[in-house]
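A.B. asks: next input, structure requested:
(chains A, B and C)
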Amino acid sequence: MRSIILRTMTMYLLPLLLIFSVFLLFRGHNHPGGGFVGGLVASAAYSLYLLGFGIDKVKTIFRLQPIKVLAFGLFLAASSTVFPILFGKPLMTGVWYEHKLPIVGSLGTPTVFDTGVYFTVLGVTLNIIFTLFEDKE
Amino acid sequence: MNSILAMPVVFPLFIGIIMLFFWKHRSIQRIINALGSTITLVLAIYLTWYVKTSGIQCLYIGAWKAPFGIIFTADLLTMTMILVSAIIGFATSIYSLGTMDETREHFGYYPLLQIMIMGINGSFMTGDLFNMFVWFEVLLISSFSLVALGGKRSQLEGAIKYVILNLLSSSLFVVGVGILYGITGGLNMADLARKIPMLPNKGIVNVMAMFFLVSFGIKAAIFPLFFWLPASYHTPPAAVSAIFAGMLTKVGVYALFRVFTLIFVTDVAFTHTIIIIIAMLTMLSGVLGAASQMEFRRILSFHIISQIGYMILGLGLMTPLGIAGGVFYIFHHIIVKTNLFFVSGVVNELKGTYLLKKLGGVLKLYPLLGLLFLIPALSLGGVPPLSGFWAKYTVAVAAVEKGEYLALAVSLFVGLLTLFSMIKIWNEVFWKEQKAEFAAEQQTLRQLPKFKIAMMFAPIIFLAAITLFIGLNPEPFLNYANEAAHQLLNPSIYINAVLGGAQ
Amino acid sequence: MEFVLAIIVGILATSAFYLMLRRSLVKVILGMVFLGNAVNLTIFSVARVTKGLAAFIPENASTLEGTYADPLPQALILTAIVIGFGTQAFAIALFRKAFQKVGDDDLDKMNSTDIMCNEDIPGDK
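C.D. replies: Alright, predicted model coming up:
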């Protein structure tokens, strides 16, 4: 499994895939993409690294506990749903910041929700994969 | 704004998420969970008062107008269920502090509990059929995890039956929702209630009604569909079985009440007659099953089934008094049944077993525990000064008014047999002398830490006090149930509140 | 189109129930997957299979023009697929654990809670 080709490729692929996942995340509001796909791509990047280098090496570059990432994502998503209540609007109404931002595009509660989904998916997937590999080794 | 309506759903979610940040920190999770469920209880009491005084409330989620978006609707039936789920959630949280083992607490027992409560409250709150399916799945997946958490053989076996049958029921539910959407073009319950009487093809409505009866029937454990319940409910720890016994089947009963008073009321002579027949068979089979069991929690599990029969009977009668009796019965039953499971957990904590043949002599050592068992047990059997008497009495009177004498006879007979089962437990667990060969494993209350004892007994006393209070002072509760029944039997109130009278 | 879909749903549902009534846990989970697919296709076919545009209102217009496909059933199916995926994944994990504990994937060996209801169950301690 520990092929030199895979190792060399992953060194370059990991940052690229991570950037691509963020691109997918912010593109998602009006185009194909979004937090779910972005999170999956990000976790695929780490899984590729895991296949090349093994579980211990992955944990040195991904130092957070996956369950904390999951909790953070859920918290972000859930907070974005209650945020509109502060403006006197019903739960889950979209509240937008009126100016466009450079990379993110339009910023609003749906963007925050999608970011939350991104981290939730990343956390869940990594949690599953880490558990499976620790079980095996 | 009405956003506070969403709080019984959103708040447990936040408690669950915050506890995830403290993964593997048991003591912090215990504190957050106990505090959180106390706040949920306060919220639920406030909301019930709010809906009682100002009528049916709606929350249009994301500000999408009624038939198009998802809505949360709170009428009196919803609020009854939310209130009682908050009471049970609070009691279970406290009881878990005393009885839950460290391993389960390490592996996320408290977050799962809160997410399950979120799912339960969501399915009570929602006014949209597909959304109800989603909430069902939320509560199911966390209840699957709770029932299997710990990984004992009996738990896994019970979980398999529970999982397979509930997934089957969910599939039927989705098919039903899909076909209803196909024939009416709506998913909002008020919208469906408005459109279904206008459909040209009455036959398909009845077919759909049967789809929903079977699907919710599996969840509510009615007559031919209850076999997963006694196979799984006695396997997890007492705190988990208690909240399952109290809340989960009642989610199915609530769904039946909602759907068969709002949507499928076009052919009452057909659908509700079937419900009455099923109710009688459910009562009988549950109570006869219990008579043959010799394990504390299995007896109680079978009694859940027989009691479901009474609630469904109230629904099947479809008279104001019948529905009121059903609502009152749900409220009383959830509190009493949870309490009985709590007592069984304490007995297990002391004696190390749930098997009647190994138990005995509890009364002599702990007379207070005996009294705390008697209150819910006699209430379940329908002995006069307690809440169960009023519940049974209301349903029975409703049956007489409707002329359903067979149902009356069955319900009285089943009440008698319930009392028989409770006396069996009383004799075997509390009264008889324990056989010497089984007395080795037990521990006495004095060996347990004081905190643990307090946390075990506090929720039992709390729920027994509620039972006594309802029993001695039933009038406000019956009035409340009557108002709820009035709302349920006049769907136009609900429809107008949701769609704003845009008929 | 509906005709073909109806036949496929029928075949899927039949095989699903056949598999779910088998005694092997693996076949039960396969049956559950089949049933999930049958359900999703049912929703797809009862909500009218129309060939049309996506339901987007064009710019400078206020209503939809021409025939368009109803997007809601697809949203329902997507939700049902995701939920089904989650529950099936949980079921597989649970069945694997039960298989390890019981040492057999025969459902008839998993009824100790029913037949030994008045005894202690051996695997519990």
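A.B. asks: do stretch A:76-90 and chain B meet at all?
C.D. replies: Yes. Contact of stretch A:76-90 with chain B (Cβ under 8 Å from any Cβ of the partner chain) involves A:78, A:81-82, A:85, A:88-90. In short, each C-beta sits where N, CA and C put it, glycine included.
A.B. asks: and which of the residues you listed is nearest to residue B:432?
C.D. replies: Of all those, residue B:432 sits closest to residue A:78, with 52.7 Å by Cβ to Cβ.
A.B. asks: contacting residues for the closest one?
C.D. replies: Shown in contact with residue A:78 (Cβ atoms under 8 Å, 6 or more residues apart in numbering or on different chains): A:116, B:10, B:13-14, B:17.
A.B. asks: top of these by number of neighbours, please.
C.D. replies: Highest neighbour count within those, by other Cβ atoms under 10 Å in any protein chain shown: residue B:13, with 24 neighbours.
A.B. asks: and it, what is it in contact with?
C.D. replies: Residue B:13 makes contacts with A:74, A:78, B:114-115, B:118, as judged by Cβ under 8 Å, 6+ apart.
A.B. asks: who wins for neighbours among the residues you listed?
C.D. replies: When those are compared by neighbour count (other Cβ under 10 Å), residue B:114 ends up highest, at 29 neighbours.
A.B. asks: does the spatially most central residue of chain C belong to a helix or a strand, and which?
C.D. replies: Note on chain C: the residue nearest the mean C-alpha position is residue C:36, at 1.7 Å, using Cα atoms, centre = their mean. Assigned by DSSP states H and E, residue C:36 belongs to helix C:25-46.
A.B. asks: between the next helix or strand after that helix and helix C:25-46, how many degrees?
C.D. replies: As assigned by DSSP H and E, the chain's next helix or strand after helix C:25-46 is helix C:71-102. With axes from the mean of the first three to the mean of the last three Cα atoms, to 10 degrees defining the directions, helix C:71-102 sits at 170 degrees from helix C:25-46.
A.B. asks: is helix C:71-102 up against chain A anywhere?
C.D. replies: No. Using Cβ under 8 Å from any Cβ, we find that helix C:71-102 stays clear of chain A, coming within 8.7 Å at best.
A.B. asks: just to be sure, residue B:72 is in a strand?
C.D. replies: Yes. Assessed by DSSP: H, G, I helix; E, B strand; the rest coil, residue B:72 belongs to a strand.
A.B. asks: which residues touch it?
C.D. replies: Counting by Cβ under 8 Å, 6+ apart, residue B:72 touches B:5-6, B:9, B:58-59, B:61, B:125-127.
A.B. asks: repeat that for 6 Å
C.D. replies: Counting by Cβ atoms under 6 Å, 6 or more residues apart in numbering or on different chains, residue B:72 touches B:5-6, B:59, B:125.
A.B. asks: which parts of the chain are strands?
C.D. replies: I'll assume chain A. Counting by DSSP state E, chain A has strands at residues A:96-101, A:105-108.
A.B. asks: wait, chain B
C.D. replies: Assigned by DSSP E, chain B shows strands spanning B:57-60, B:71-74.
A.B. asks: looking at these, which is buried most?
C.D. replies: Highest mean neighbour count of the strands of chain B: strand B:71-74, a mean of 25 (counted as mean count of other Cβ atoms under 10 Å in any protein chain shown).
A.B. asks: so for that strand, what's the average pLDDT?
C.D. replies: Mean per-residue pLDDT for strand B:71-74: 92.
A.B. asks: alpha carbons only: can I get that strand in CSV?
C.D. replies: Provided in CSV are the C-alpha atoms of strand B:71-74 (Å, rounded to 0.1, in the frame of the first residue of the first chain):
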residue,chain,number,x,y,z
ILE,B,71,-44.2,25.2,9.5
PHE,B,72,-44.2,24.5,13.2
THR,B,73,-47.7,24.5,14.7
ALA,B,74,-48.6,24.3,18.3
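A.B. asks: among the contacts of residue B:72, which two are most distant?
C.D. replies: By the measure Cβ to Cβ, B:59 and B:125 form the most distant pair in these, at 8.4 Å.
A.B. asks: format the residues of stretch A:76-90 next to chain B as JSON lines; extra columns: pLDDT.
C.D. replies: Below are those laid out as JSON lines (pLDDT from 0 to 100):
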{"residue": "A:78", "pLDDT": "93"}
{"residue": "A:81", "pLDDT": "90"}
{"residue": "A:82", "pLDDT": "90"}
{"residue": "A:85", "pLDDT": "87"}
{"residue": "A:88", "pLDDT": "82"}
{"residue": "A:89", "pLDDT": "84"}
{"residue": "A:90", "pLDDT": "85"}
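A.B. asks: quick one, what contacts residue B:132?
C.D. replies: When contacts are counted by Cβ under 6 Å, 6+ apart, residue B:132 touches B:123, B:126.
A.B. asks: please report how far it lies from chain C.
C.D. replies: To chain C, residue B:132 is 12 Å away according to Cβ to the nearest Cβ, to the nearest Å.
A.B. asks: circling back: could the residues of stretch A:76-90 next to chain B be laid out in CSV, adding distance to residue B:382?
C.D. replies: CSV is the format used below for these (distance: Cβ to Cβ, whole Å):
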residue, distance to residue B:382
A:78, 44
A:81, 45
A:82, 44
A:85, 45
A:88, 49
A:89, 49
A:90, 44
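A.B. asks: looking at the residues you listed, which is nearest residue B:405?
C.D. replies: Residue B:405 lies nearest to residue A:90 out of the residues of stretch A:76-90 next to chain B, by Cβ to Cβ, at 50.0 Å.
A.B. asks: which residue is the nearest non-sequential neighbour of the closest one?
C.D. replies: Leaving aside its chain neighbours, residue A:90 sits nearest to residue B:63 (5.1 Å; criterion: Cβ to Cβ, 6 or more residues apart in numbering or on different chains).
A.B. asks: just the pLDDT at the one you found, thanks.
C.D. replies: Residue B:63 is assigned a pLDDT of 83 by the prediction.
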